[in-house]
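1. Give me a 3D structure for the following:
(one chain, ligands or ions: 1)
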Amino acid sequence: MKLYTSFGMNPRLVRMFLIEKKIELKQVQIDLLAGENRQPAFLKLNPTGQTPVLELDNGKYLSETAAICEYLEERYPTPALIGSTAEERAEARMWLRRVELNICLPMVHAFYYKEGYELFSSRVYCIPEAAEGLKEKARRALSWLNDLMPEGQWLCGQRFTISDICLFTYLDLLRNGGQPIPENLHNVQSWFDRVAARPSAEASLFPEQPMGLRG
Ligand SMILES: N[C@@H](CCC(=O)N[C@@H](CS)C(=O)NCC(=O)O)C(=O)O
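-> Prediction:
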């Protein structure tokens, strides 16, 4: 297998997932800032023009971060980062959807429409006037999460899962991109600090960090 990876939260999510599982894969670095991922050669691997992409041993290509992680989890079940029972897997997927749909996507779209506008306006349809509203939508969902988070736990209680990795990679990248973690969200901040202290957090960073961002 081979991972096509780059700067950005989704490829970092997969790298962190691999490190937590102690899986070593050949990695090919794609120059996202130069738009290599939008060139015909890359579009053959993934028609959405986005990273990450996993090349399988049979020559097939898988994209979509959650699908890649699900595949890796099935091939390398331990340590489980999604779950080892049907109930655990459903719980991790529930939290992944909650954080992706309600927090991560509004955050990243706000970034495309504002701080990242110069880079992304030629790649994705941008709605600049929606940026502030999306930031507020994400802050409200993060505040909802803050009130639910029991001290010292992960999103799935005692189990550190893909849902923690996902939320962490978005918050870590965008906190320097116009969306800091609100100061009053102490539970989210303490959860964030505990994820950041895992060796996989630093080890999963891409070699180059453009615009003062972390991904
Ligand atoms: N839905 C996709 C999103 C992937 C994505 O947004 N990738 C970003 C990097 S974090 C990307 O390739 N951005 C560059 C671009 O769109 O040109 C997934 O889950 O993998």
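
2. for Q209, what are its contacts?
-> 7, 215 (CB atoms under 8 Å, 6 or more residues apart in numbering). No exception for glycine: its C-beta is placed from N, CA and C like everyone else's.

3. Give me the distance between it and the ligand.
-> 13 Å (CB to the nearest ligand atom, to the nearest Å).

4. Roughly how far does that residue sit from A34?
-> From Q209 over to A34 the distance is 16 Å, taken as CB to CB, to the nearest Å.

5. Please apply the same query to A90.
-> 40 Å.

6. Which residue of these two possesses the greater neighbour count?
-> A90 (12 against 9; other CB atoms under 10 Å).

7. got the contact list for the lowest-mean-pLDDT helix or strand in the chain?
-> Lowest by mean pLDDT, DSSP states H and E among the helices and strands of the chain is helix 117-120, with a mean of 95. Residues outside helix 117-120 that contact it (CB under 8 Å, 6+ apart): 33, 112, 126, 128.

8. What is the burial count for the closest residue to the ligand within the chain?
-> Nearest residue of the chain to the ligand: G8, at 2.8 Å (CB to the nearest ligand atom). Using other CB under 10 Å, G8 is surrounded by 21 other residues.

9. do L148 as well
-> 9.

10. Kindly report the same for L134.
-> Neighbours of L134 (other CB under 10 Å): 21.

11. Quick one: distance of the helix or strand where it lies to the chain centre.
-> According to DSSP states H and E, L134 maps onto helix 131-148. Centroid displacement of helix 131-148 relative to its chain, using CA atoms, centre = their mean, to the nearest Å, is 17 Å.
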